[in-house]
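In: task: produce atomic coordinates for the following.
(one chain, ligands or ions: 1)
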Amino acid sequence: MWDFDEPVAREGTDCIKYDRRQETFGSKDVIPMWVADMDFKCPDFVVESLRNRTEHEIFGYSYRPPEYYLSIINWIKSRHNWKVEKEWISFCPGVVPALNFCTLGFTEPGDSIIVQPPVYFPFFSAAESHGRKLIYNKLIETDGKWSIDFDSLVSAITTKTKMIIISNPHNPVGRVWSLAELNNLADICIEKNILIISDEIHCDLILPGFIHTPMASLSEKIASKTVTLIAPSKTFNLAGLSTSSVIIPDPELRKSFNRVIDNLHIGGGNIFGTVASIAAYTHGEKWLGKLMLYIDDNIEYVIDYCRNMIPEIIPVKPEATYMIWLDCRKFQMPGKELQNFFIQKAGVGMNEGSTFGPGGEGFMRMNIGTTHNTIKKAMEQIEKAVSELR
Ligand SMILES: Cc1ncc(COP(=O)(O)O)c(C=O)c1O
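Out: Now for the predicted structure:
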């Protein structure tokens, strides 16, 4: 059961990761290790629930039943020890849309929003495309460990700063923020009256030895200044079902957010997202346990392989997610050249680091949510390309 080694042909399914390779990399032949979904089938119990629903053959207007909310509440309580109330949960058809609605609901044009690059790049447009000023508080890297620069954060804050968007855990550097880091961040935000948007979409993809803490679970005071974004999409490979949750304990903030959703009439969602979410959060525990062991093996493989065969590339060991942040600064290639090297010489399509903002230069993000065999092939191709540079 749950054979993550099973290759699944994804070509010809209009899937971005495979079917957009030509447009993105200029070649259909690269091994796609970029956009953040996995090459594994989503769990059988999720597929089964979708099949059962299609049997009814009518897909009219629908609402989210109590089990939908209950499955989210129980999942968060049992996995992350955070007690969420039903009325705190709003639906949103995706976490990126939610980031944008947060900007619209909680800030005004001309306000500034802090992000901490290198970070998932839609954070930038969530501020800038609505006329808000984007402020970078760069993460700091010391001997391969990335952390928050609290001194520069404090000095970046002005009276115009209304919001900070954090990636918790952090994509692409793979950090699971510690209790001390989260508390520190929260203290600053409370003192300066800044709203925290905590994007926790990767919170279930925690690797052995680490514990995720939802920002809002730290205290009631912090919860009242925090909006948490979660989804079953990364965890269970359901990104195409566009179903996510926005958790807002504070009633006034909730009203502002829901006003945006209601005014735009986008709260309806879709039947399949609801059904899949219930199945995933209700039955997903064991499947996820197995998935994370498989991901962890892939990570160990890449780290060992680089250490033994490609010492020029230094992987940053992730604490969460199925992404590895590869330090390729030894090649001393500018972004475009680095990207082209991996595409044209190694035949591997990854995300180039500078697209994640300042601090990402010289890095590549590798998606290892795929079979061991694919990882092995990619690493061998990279090794061969690098050996030609030596
Ligand atoms: C930090 C982060 N937030 C959001 C998303 C995407 O969210 P959605 O597909 O729900 O818009 C991703 C996908 O990679 C991500 O890494």
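In: okay, the top strand by length along the chain in CSV with CA atoms only?
Out: For the chain, the strand that runs over the most residues, judged by DSSP state E, is strand 161-167. Coordinates of each C-alpha in strand 161-167 appear next as CSV, following Å, rounded to 0.1, in the frame of the first residue of the first chain:
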residue,chain,number,x,y,z
THR,A,161,4.2,49.3,8.3
LYS,A,162,0.9,47.4,8.8
MET,A,163,1.6,43.8,8.1
ILE,A,164,4.4,41.2,7.9
ILE,A,165,4.0,38.0,5.9
ILE,A,166,5.9,35.0,7.2
SER,A,167,6.4,31.6,5.7
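In: partner strands of it, parallel or antiparallel?
Out: Paired with strand 161-167 in the same sheet, following DSSP bridges, are strand 112-115 (parallel), strand 195-199 (parallel).
In: closest to the ligand out of these?
Out: strand 195-199 (4.7 Å; Cβ to the nearest ligand atom). To be clear about C-beta, it is placed using only N, CA and C from the backbone, and glycine gets the same treatment.
In: and the next helix or strand past the closest one?
Out: Note on strand 195-199: by DSSP states H and E, the next helix or strand toward the C-terminus is helix 220-223.
In: can you give me the offset of that following helix from its chain's centre?
Out: For helix 220-223, the distance between its averaged C-alpha position and the chain's averaged C-alpha position is 23 Å (Cα atoms, centre = their mean, to the nearest Å).
In: identify each buried residue in it, please.
Out: For helix 220-223, the neighbour count (16 or more other Cβ atoms under 10 Å) marks 222-223 as buried.
In: and stretch 209-226, how far from the chain's centre?
Out: With Cα atoms, centre = their mean as the basis, stretch 209-226 stands 18 Å off its chain's centre.
In: and that stretch, is it in reach of the ligand?
Out: No: contact of stretch 209-226 with the ligand (Cβ under 6 Å from any ligand atom) is absent, the minimum separation being 13.2 Å.
In: same thing with stretch 108-128?
Out: Yes: shown here: stretch 108-128 in contact with the ligand (Cβ under 6 Å from any ligand atom) through Tyr120.
In: please identify the buried residues of that stretch?
Out: Of the residues in stretch 108-128, those scored as buried under the neighbour-count criterion (16+ other Cβ under 10 Å) are 111-124, 126-127.
In: same thing with stretch 316-333?
Out: Of the residues in stretch 316-333, 316, 318-328, 331, 333 count as buried by neighbour count, 16+ other Cβ under 10 Å.
In: coming back round to it: now the strands paired with strand 161-167 in TSV, with distance to Phe236 and mean pLDDT?
Out: Compiled in TSV, the strands paired with strand 161-167 are given as follows (distance: least, Cβ to Cβ, whole Å; pLDDT from 0 to 100):
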stretch	distance to Phe236	mean pLDDT
strand 112-115	27	98
strand 195-199	18	99
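In: for the ones you listed, give me CSV that also has distance to Ser78.
Out: As requested, these are arranged in CSV below (distance: least, Cβ to Cβ, whole Å):
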stretch, distance to Ser78
strand 112-115, 31
strand 195-199, 19
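In: which one of those strands lies nearest to Lys255?
Out: Distances from Lys255 to each of those were compared using Cβ to Cβ; the shortest belongs to strand 195-199, at 14.0 Å.
In: from the buried residues of stretch 316-333, which land in helices?
Out: For these, not one is inside helices, with DSSP state H as the criterion.
In: which of those come close to the ligand?
Out: Checking the buried residues of stretch 316-333 against the ligand (Cβ under 6 Å from any ligand atom), there are no matches.
In: got TSV for the residues you listed, with pLDDT and distance to Ile295 too?
Out: TSV is the format used below for the buried residues of stretch 316-333 (pLDDT from 0 to 100; distance: Cβ to Cβ, whole Å):
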residue	pLDDT	distance to Ile295
Val316	98	15
Pro318	98	9
Glu319	98	12
Ala320	98	10
Thr321	98	9
Tyr322	98	5
Met323	98	10
Ile324	98	10
Trp325	98	15
Leu326	98	16
Asp327	98	20
Cys328	98	22
Phe331	98	26
Met333	97	28
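In: name the residues of stretch 350-364 that are buried.
Out: In stretch 350-364, residues buried by neighbour count (16+ other Cβ under 10 Å) are 350-354, 356-357, 359-364.
In: nope, stretch 201-209 is what I meant
Out: Buried residues in stretch 201-209, counting neighbours by 16+ other Cβ under 10 Å, are found at 201-207.
In: what does stretch 220-233 give?
Out: Result for stretch 220-233 [16+ other Cβ under 10 Å]: buried residues 222-233.
In: what's the most distant pair in those?
Out: When these are compared pair by pair using Cβ to Cβ, the farthest-apart members prove to be Ser224 and Ser233, with a separation of 27.0 Å.
In: closest one of the buried residues of stretch 201-209 to Asp262?
Out: Ile201 (23.3 Å).
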